[in-house]
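# structure here, sequence nowhere to be found:
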């Protein structure tokens with residue numbers, strides 16, 4: 001994987017993934033969608049007008065640490081204001097994050113990633129218009145926050161990860177966290193060109 005780059009002629013953002021990389025990215029995005037939609041904050045399908053006028057969203061911080069990190073309290077020292085803010089915003093924010101992660105899955109599958117990966121030599125070329133690349137960028141942030149929360153990644157803890165045994169599953173998950181960071185960094189650079 002060489003990361004993202006700006007296509008010279010079309011001004012689109014492009015990347016090539018191995019089948020394994022594309023399948024891993026699809027799996028991570030799928031897990032994020034599932035997490036975002038598993039709690040009661042996301043209402044069932046209903047009339048769009050009713051949904052627009054309904055402000056009965058959640059009022060308490062999510063129990064899952066990843067969701068609590070993705071949806072922190074807007075007013076940490078004012079429980080009432082935090083509950084009101086959450087009630088009016090969290091459902092919409094969850095839906096937006098789930099749609100962003102789903103767009104990664106859709107783009108990878110549209111680029112040729114099969115439902116079941118069985119070809120070791122498969123390469124997936126993804127070409128994104130700038131607007132969709134921005135969506136991927138936001139979703140990469142969410143994926144990294146989710147992984148960092150699950151792994152307990154902290155600022156300036158590189159030494160901890162460098163000395164962790166290679167066969168420790170947390171080390172492998174941290175490599176994925178770093179890889180998503182690499183994708184995010186190359187995507188930012190490509191968008192700036």
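That came through fine. Computed from a predicted structure; not experimentally measured.
# determine the longest helix present in the protein.
The longest helix of the chain (DSSP state H) is helix 79-110.
# helices and strands around that helix, which ones?
For helix 79-110, the elements it packs on are helix 19-38, strand 123-128, helix 130-151, judged by 3 or more Cβ pairs under 8 Å, 6 or more residues apart in numbering; DSSP states H and E. Any C-beta I mention is one placed from the backbone N, CA and C, and that applies to glycine too.
# show me what the shortest one pairs with in its sheet, parallel or antiparallel.
For strand 123-128, the pairing partners within the sheet under DSSP bridges are strand 13-18 (antiparallel).
# where does this protein have low pLDDT?
1, 39-56 (pLDDT under 70).
# can you rerun that using 80?
By pLDDT under 80, the weakly predicted segments of the chain are 1-2, 39-57, 119-120.
# any idea how far residue 17 is from residue 160?
When distance is defined by Cβ to Cβ, to the nearest Å, residue 17 is 29 Å away from residue 160.
# who's more crowded, the two?
Using other Cβ atoms under 10 Å, the more surrounded residue of residue 17 and residue 160 is residue 17, with 22 against 13.
# is the more buried one bridged to anything, and to what?
When bridges are called by DSSP bridges, residue 17 pairs up with residue 124.
# mind listing what residue 149 touches?
Going by Cβ atoms under 8 Å, 6 or more residues apart in numbering, residue 149 touches 65, 66, 69.
# skipping adjacent residues, who's closest to the first one in space?
Setting aside the residues directly before and after it, residue 65 is nearest to residue 149 in space (Cβ to Cβ, 6 or more residues apart in numbering), at 5.3 Å.
# could you do residue 72 as well?
Sequence neighbours aside, residue 61 is the residue nearest to residue 72 in space, at 8.0 Å (criterion: Cβ to Cβ, 6+ apart).
# does that neighbour really touch residue 74, like I thought?
No. With contact defined as Cβ atoms under 8 Å, residue 61 does not count as touching residue 74 (10.6 Å).
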